[in-house]
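**Student:** after the sequence you'll find the predicted model.
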Protein chains: 2
Amino acid sequence: MAENTKVKDDRDNTVYIGKKPTMNYVLAVATQFNSGTDEVVIKARGKSISTAVDVAEIVRNRFVQGVKVKNIKITTEQLKGEDERISNVSSIEIFLVK
Amino acid sequence: MAENTKVKDDRDNTVYIGKKPTMNYVLAVATQFNSGTDEVVIKARGKSISTAVDVAEIVRNRFVQGVKVKNIKITTEQLKGEDERISNVSSIEIFLVK
């Protein structure tokens, strides 16, 4: 009972896409929805952006009923590399709702 | 004068992202805007999706003043491979407006 009143960290429902197999992230998103979350955010940068879109599409078409894309945002982030030079990298946030 | 009354093919304003260098596509989009188009659609499939986001971000941040992302759509397309098997591939459409 007390769990329902817990203040939620808004990062709770975010899945960050990295270099693991796509299905790992699909399962992470599906698990969030199946545990009762009604919005999951998929975030990725650079080359992982295409994997993020794959994850959203696979969840929506094959894993969780009634999931829709609510919004998609793209931005540019500045990262400092090992040589202290700043490089720009594109990022995406895909907001899925059930 | 007659050109203004010409019915526009709606593919006129679409830039398809492939395997060429990113800046080729940036220039294609910038050229569309600079020739008076007020909406350009960037389309990509599979691994090229991250390049599509790069193109949109570079155009917006460095090449054309006042360009905004109007909408982003993601879908799954079914492609028939050489062996006649059907495979699913994610795709993205990024709608830029000036």
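**Tutor:** The structure has been received and is ready for your questions. Numbering: from 1, shown residues only, chains lettered A, B, ... in the order given.

**Student:** A:Lys47 reaches B:Ile49, doesn't it?
**Tutor:** No. Counting by Cβ atoms under 8 Å, no contact exists between A:Lys47 and B:Ile49, whose distance comes to 9.7 Å. All C-beta spots, glycine's among them, are computed from the backbone N, C-alpha and C.

**Student:** for chain A, give me the ranges with low pLDDT.
**Tutor:** A:1-11 (pLDDT under 70).

**Student:** near chain B, which residues of it?
**Tutor:** A:46-50, A:53-54, A:56-57, A:61, A:69, A:72, A:74-76, A:88, A:90, A:92, A:94 (Cβ under 8 Å from any Cβ of the partner chain).

**Student:** show me those residues that map onto strands.
**Tutor:** A:Val69, A:Ile72, A:Ile74, A:Thr75, A:Thr76, A:Asn88, A:Ser90, A:Ile92, A:Ile94 (DSSP state E).

**Student:** write the ChimeraX selection for whichever of these are buried.
**Tutor:** Selection of buried members from those for ChimeraX, criterion 16 or more other Cβ atoms under 10 Å in any protein chain shown:
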select /A:69,72,74,76,90,92,94
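
**Student:** format the ones in strands among the residues of chain A next to chain B as CSV; extra columns: distance to B:Leu27.
**Tutor:** Output for those, formatted as CSV (distance: Cβ to Cβ, whole Å):
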residue, distance to B:Leu27
A:Val69, 30
A:Ile72, 25
A:Ile74, 20
A:Thr75, 22
A:Thr76, 18
A:Asn88, 18
A:Ser90, 18
A:Ile92, 23
A:Ile94, 28
